[in-house]
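Asks: Sharing a model that was predicted from the sequence below.
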Amino acid sequence: MVSSSNGNDGPFPWHLGVYDAHCHPTDIMSNVSKIQNMKARCLTVMATRGEDQDLVIKTAAQYGIKSGSPDDWPREECIEDLRIFNALPDPTPFSVFLSQTRKHLEEHPYALLGEVGLDRSFRIPEAWVPDLWATRNSTLTPGGREGRRLTPFRCQPAHQKEILKRQLQLAAELGRAVSVHGVQAHGLVYESLHELWKGYENEVLSKREKKKRGKDDPSVEAEYDKSAKEGSSGPKPYPPRICLHSYSGSASNFKQYLNPAIPIYVFASFSTAINLGDALDEETPAEFEEMINTVPDEMLLVESDLHTAGDEMDRRLEDIVRRICKIKQWGLEEGVERLGKNWKAFVFGDP
Ligand SMILES: [Zn+2]
C-alpha cells in the first residue's frame, strides 16, 4: 500500500500524548482499572447522572492528575467531570443537586463541569419493574436507560435551558471549563451561552478603527483579542471555556461560534461513535470533512464518548485522530501534538 503524502498511514504516535476530551469509563466500573494500561495519555471523564458522580470522584482519586503540570502526571491520569443533566425523575431538588456539584468542584480543582446540555429528543424512560431489575446486567452503573421503553414524557426545552444556564453560571463562577452536549438543540445551546456572555463581547475593531488606534500589526491584534478574552476584572457570567462535544450541528450552524466578539474560548470535539455512526475504518463522509475543515485548527478536540475503558477506547481515539489528520492534511505527529495542545488549552486554560 502506498502511504499518503502526509504520512497518515504510518505507526500511530501514542508517545506524543493522545487526550480523550469526553468519555464515560465509569459506566462499566469493572473495566475502570484498564485505564492504567491504555495508550491514551489522559481521559476527560464525564458524569451523566446522580448515580455516577461518586464513581467519577473515586476514579479520579485513583487515577486522576494532581496538578496542571504534565511533569507531575502519572502515566494513567484522568480528569473528572461532574454532570447533572436531567434531574427530572430524581426527587432531589435541583438546588440541592447544584450545591452538591459546587461542593464536588470546589473539592477537585482540576474538575470540569460536564457533561451538561440540551436534548430535544429526550424522553423519560419507564420505571424499572422488579422483574426486569432482577435480570439487569449488574456490571453496568445504574441510572442508564438499559433498553427500558421510553414514556411519552418529555422535558420542555425551556426548562432544560434554565437548568443548563444555572450549571453554566456555576462553572463561570468557579472559572471551570464545560463539556456541552446538544441533541437537536444547537440553536438553543448557542442561545443559552449567548444570553450569558451578552454585554461582555470582545471589542472587534474594523480595519479602519485598527489603523486609527495603530493596531494594524497582526501580532498586536492577536495580543489585543487575547487580553480582551482573558480580562482581569474578576469572575464573568459565562464559563471561560466550553467544548461542544461530539458536535452534530451543521458546518454552517457552527460558523456562528467563529464570531471574534464571543468572549468564551470555544472548542469542538468529534468522535467516531457519534459523528461517524460507529463506522470504524470506513470511508469518511464528505459532510464530516466539511465540518472538520470549518473548525479552526486551534478549536479542534477528539474524544471517544465511549462507555468503557480499555483497548476499544484507544482504537476509537486512533480512528478519529487519523481521520482528522487526513482531512486537515496534518502529518500524524503534527496532528497529535496540535490536538494535545488544544486539549490542555481546553482543560487548563492558556498558560
Ligand atoms: Zn457523553
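Replies: Arrived safely, thanks for sending. Residues are numbered from 1 along each chain as shown.
Asks: Tell me the backbone dihedrals of Asp119, please.
Replies: Dihedral pair for Asp119: phi -140, psi 110, per degrees, to the nearest 10.
Asks: Wait, it touches Val180, no?
Replies: No. Using Cβ atoms under 8 Å as the test, Asp119 is too far from Val180 to be in contact (11.4 Å). Yep, even glycine has a C-beta here, placed from its N, CA and C like the rest.
Asks: Between those two, which has more neighbouring residues?
Replies: Between Asp119 and Val180, Val180 has the larger neighbour count (other Cβ atoms under 10 Å), namely 26 against 17.
Asks: The stretch 101-250 of the chain against the ion: which residues are in contact?
Replies: Residues of the stretch 101-250 of the chain lying near the ion by Cβ under 5 Å from the ion: Glu115.
Asks: the helices in the stretch 101-250 of the chain, which residues?
Replies: 130-135, 157-174, 186-197, 207-212, 218-230 (DSSP state H, counting those that start in this stretch).
Asks: For those, which has the smallest mean pLDDT value?
Replies: When these are compared on average pLDDT, helix 218-230 comes out lowest at a mean of 47.
Asks: close to the ion, is the helix or strand where Met313 lies?
Replies: Under the criterion of DSSP states H and E, Met313 resides in helix 311-328. No. Helix 311-328 lies out of reach of the ion by Cβ under 5 Å from the ion, never closer than 12.8 Å.
Asks: hang on, the earlier thing: can you list the helices of the stretch 101-250 of the chain in a markdown table and add mean neighbour count?
Replies: Formatted as a markdown table, these follow (neighbours: other Cβ atoms under 10 Å):
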| stretch | mean neighbour count |
| --- | --- |
| helix 130-135 | 9 |
| helix 157-174 | 18 |
| helix 186-197 | 18 |
| helix 207-212 | 12 |
| helix 218-230 | 13 |
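Asks: Tell me the residue in the chain that is farthest from the middle.
Replies: The outermost residue of the chain relative to its centre, with distances by Cα atoms, centre = their mean, is Lys212 at 39.8 Å.
Asks: Roughly how far does that one sit from Ser206?
Replies: For Lys212, the distance to Ser206 equals 9 Å [Cβ to Cβ, to the nearest Å].
Asks: Let me see the ranges of the helices in the stretch 251-351 of the chain.
Replies: In the stretch 251-351 of the chain, the segments counted as helices under DSSP H, counting those that start in this stretch are 251-254, 272-275, 286-294, 311-328, 332-348.
Asks: between those helices, which gets nearest to Pro13?
Replies: For these, the distance to Pro13 is smallest for helix 332-348, at 4.9 Å, taking Cβ to Cβ.
Asks: roughly how far apart are Thr44 and Thr141?
Replies: Counting by Cβ to Cβ, the gap from Thr44 to Thr141 is 18 Å.
Asks: Tell me which of those two has more neighbours.
Replies: Ranked by neighbour count (other Cβ under 10 Å), Thr44 and Thr141 place Thr44 first, with 26 against 18.
Asks: Can you classify the more buried one by secondary structure?
Replies: Per DSSP: H, G, I helix; E, B strand; the rest coil, the local secondary structure of Thr44 is strand.
Asks: And it, how close does it get to Tyr247?
Replies: To Tyr247, Thr44 is 15 Å away according to Cβ to Cβ.
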